[in-house]
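**Student:** got a structure for you, letters missing:
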């Protein structure tokens, strides 16, 4: 079974769209806005979990809010030290995988090397 396609925004952030431009040339990116702030009904730990997920997975957009709500709710229970069952932890793992936030998913994305600074650039450029 083939790998799922890397989301366009994730490819832009990681540089995969520059490494393989032909993969991301077809079709246009859907018009959407960034993930944004936590929902009004969320409480302290849930808001903290939302912000943590937003920092860990910067390519999330508004269309990912439902997944982030589920993940933040479960993660808040873990952060609060509540008893969390195996099924809830499995659901959290699946949400994180769908958002591209697990080590296995990150290993599928090629991150470009940071350009090395040439000390002579300040004299010649």
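**Tutor:** Yes, it's here. The structure presented is a predicted model; accordingly, all values stated were derived computationally and were not measured.
**Student:** what about the helices in this protein?
**Tutor:** Per DSSP state H, the chain carries helices over the ranges 8-14, 16-19, 21-25, 44-56, 65-79, 86-98, 103-107, 121-124.
**Student:** show me how far the third one is from its chain's centre.
**Tutor:** In this case it means helix 21-25. Its chain's C-alpha centre and that of helix 21-25 lie 20 Å apart, by Cα atoms, centre = their mean, to the nearest Å.
**Student:** same question for stretch 7-26, mean pLDDT?
**Tutor:** In this model, stretch 7-26 has a mean pLDDT of 79.
**Student:** just the buried residues of that stretch, please?
**Tutor:** Buried positions in stretch 7-26, judged by neighbour count with 16 or more other Cβ atoms under 10 Å: 7-11, 14, 16-17, 24. To be clear about C-beta, it is placed using only N, CA and C from the backbone, and glycine gets the same treatment.
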